[in-house]
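Peer 1: Attaching a predicted model along with its sequence, questions to come.
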Amino acid sequence: MESDAMRVDGNAMAGVLGEVFDQDMTTVRVACGGCGKVEPVGAEHAYVRAPGIVMRCCHCDSVLLVVAHTGETYRLGLGRSKWLEFAERA
Amino acid sequence: MARAAVRGRLTWTLAEVVDLIDETPRVRSIVLDVPEWIGHRAGQHVDVRLTAEDGYQAQRSYSIASAPEDQRLALTVEGLPDGEVSSYLVGELRTGDMLELRGPVGGYFVWEADMGGPLLLIAGGSGIVPLMSMLRHRNASGAEVGAKLLYSSRSWEDVIYRDELERLASADHRPEVVHTFTRSQPPGWTGYARRVDGQMLAETAWPAASMPSAFVCGPTPFVEAVAAALVLLGYPATSVKTERFGPTGG
C-alpha cells in the first residue's frame, strides 16, 4: 500500500527526462513489451522518490524506463519498453 | 498560440519572489518574477530546487496556478509537516528572495481553450492548483466551453482560492463549482459531506455522451478512485487525465 501511495504519473518525470532529451517527453508514446499497450509517457506510472526514477506500465506494472543520474552522467535503462514514438519537430 | 513545449534543453533559472499570499493556514501562493519566462500552458508544472549552504540540494515539482495570460507566474504550495521543500516555501520564504526553478514542464496534463470540452475538473485538496490554472485560462481567454469543478476539501477553511472561486462562479459563462467537505462542514451546509464516490460523480459529472475532457488531480488514492469511477460511468480512459501528488506531496 505504501508503494501504491508513492505512485505518481509519468508527467512527474517531465523534468528529468527533459534533462536527457531536448523536448517534452510526456506526450511521447511508449509501447510496453509486457502487455503490448501503448500510452503517452504522461499517463504511465512513475516512482520518483527512489535513488533512480522508475516508470512502470499503467496496465501491467512492467518496468518501462529507469533513469539514474550519477555524477556527470545519466544512465537510461529501457526495461521492457518496446518502442518510443516521437512527433516530428515543428 | 505559443507552444511552450517546443524548445531547447531545460535550464535552471532564478526567479524573484514578488508576493506571497496565504490561501489557507497551510497553503501559500508564491508570485514570481521570472526573467525571460517563455510562457506556459494551463496544467504544466515547474521544478523548484533548494540548495543548502553545505551544497545539499532538494528538488520538487509544483503545479503552476496562474493562467498563461497572467503577468506573473504563481505557484501554490501546501506546507507539509515533513516536507523539506514545502515547509521552507510556506514557512520561511520572504518577498525579495530568489528561487531557483526550471520549466514549464509536462505537455500531457494540459488544457488549452482551443482543445474544447466540456471540461470536468476534479480536485482533492491542493490538487486544485493546476485545475485553477485551467479555470483562470478559460476565464481569461473568454472561452465559452462548459466547465464543472468538483472540489473535495477537509473543511470550508481548507478551500484554496475560496473567494476567487465564488467570483468566477458568478461571472459570465461561469463554471459550475461543487464542493464536498470530508471532515467538517459549515453551519447549515446541505451539500456533499463525504469523499468523492461513484454516486456523487453520477450526480455531478457531465454525461459520458457529451464527450467531456476530465482532469483529476490530488493525492494518489483520491485520483485513482475518481479515475476508476469515471471509467465505470462510461468515460473512455483516454479522456481522463490524471495528476497524482503521491501520498502527500513534498
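Peer 2: In hand now; what should we look at?
Peer 1: Look up how far residue B:60 lies from the most far-flung residue of chain B relative to its centre.
Peer 2: Here chain B reaches farthest from its C-alpha mean at residue B:54, the gap being 33.0 Å by C-alpha atoms, centre = their mean. Residue B:54 sits 19 Å away from residue B:60, going by C-beta to C-beta, to the nearest Å. Where you see a C-beta, it was placed from the backbone N, CA and C, and this is true even at glycine.
Peer 1: Repeat that for residue B:180.
Peer 2: For residue B:180, the distance to residue B:60 (C-beta to C-beta) stands at 28 Å.
Peer 1: for residue A:30, same thing?
Peer 2: Residue A:30 sits 25 Å away from residue B:60, going by C-beta to C-beta.
Peer 1: more crowded one of the two?
Peer 2: residue A:30 (26 against 21; other C-beta atoms under 10 Å in any protein chain shown).
Peer 1: and residue B:138, that's in a strand?
Peer 2: No - Residue B:138 is assigned helix when assessed by DSSP: H, G, I helix; E, B strand; the rest coil, not a strand.
Peer 1: Tell me the bridge partners for residue 73.
Peer 2: In the absence of a named chain, chain A is used. Under DSSP bridges, the beta-bridge partners of residue A:73 are residue A:70.
Peer 1: that answer is for a different chain, and I need it for chain B
Peer 2: Here residue B:73 sits in beta bridges with residue B:32, going by DSSP bridges.
Peer 1: Read off the pLDDT value for it.
Peer 2: Listed pLDDT for residue B:73 reads 97.
Peer 1: That one against residue B:38, yeah?
Peer 2: No - between residue B:73 and residue B:38 there is no contact under C-beta atoms under 8 Å: 10.8 Å.
Peer 1: Neighbour count: these two, which is higher?
Peer 2: Ranked by neighbour count (other C-beta under 10 Å), residue B:73 and residue B:38 place residue B:73 first, with 23 against 13.
Peer 1: Do a quick rundown of the strands in chain A.
Peer 2: Under the criterion DSSP state E, chain A contains strands at A:8-9, A:29-32, A:38-40, A:45-47, A:53-56, A:63-70, A:73-77, A:81-85.
Peer 1: what's the first one in contact with?
Peer 2: Where contact means C-beta atoms under 8 Å, 6 or more residues apart in numbering or on different chains, the residues beyond strand A:8-9 that reach it are A:42-48, B:108-109, B:220, B:242-246.
Peer 1: and if you look at the longest one?
Peer 2: Outside of strand A:63-70, the residues that reach it under the criterion C-beta under 8 Å, 6+ apart are A:13, A:16-17, A:19-20, A:30, A:32, A:44, A:51-57, A:74-81.
Peer 1: Hey, what's the angle from it to strand A:81-85? Just curious.
Peer 2: Between strand A:63-70 and strand A:81-85, the angle comes out at 80 degrees (axes from the mean of the first three to the mean of the last three C-alpha atoms, to 10 degrees).
Peer 1: and residue B:233, how many neighbours does it have?
Peer 2: By other C-beta under 10 Å, 14 other residues sit near residue B:233.
Peer 1: Repeat that for the one 5 residues further on.
Peer 2: Residues contacting residue B:238 under the criterion other C-beta under 10 Å number 9.
Peer 1: try the one 4 residues further on
Peer 2: Using other C-beta under 10 Å, residue B:242 has 26 other residues around it.
Peer 1: and what of residue B:35?
Peer 2: 8.
Peer 1: Equivalent analysis for residue B:163, please.
Peer 2: Residues within reach of residue B:163, counting by other C-beta under 10 Å, total 9.
Peer 1: can you tell me which residues contact residue B:180?
Peer 2: By C-beta under 8 Å, 6+ apart, the contact set of residue B:180 is B:150, B:151, B:152, B:153, B:191, B:192, B:193, B:194, B:195, B:196, B:200.
Peer 1: Skipping adjacent residues, who's closest to the last one in space?
Peer 2: If you skip the residues right next to it in sequence, residue B:200 has residue B:192 as its closest partner in space, 5.9 Å away by C-beta to C-beta, 6 or more residues apart in numbering or on different chains.
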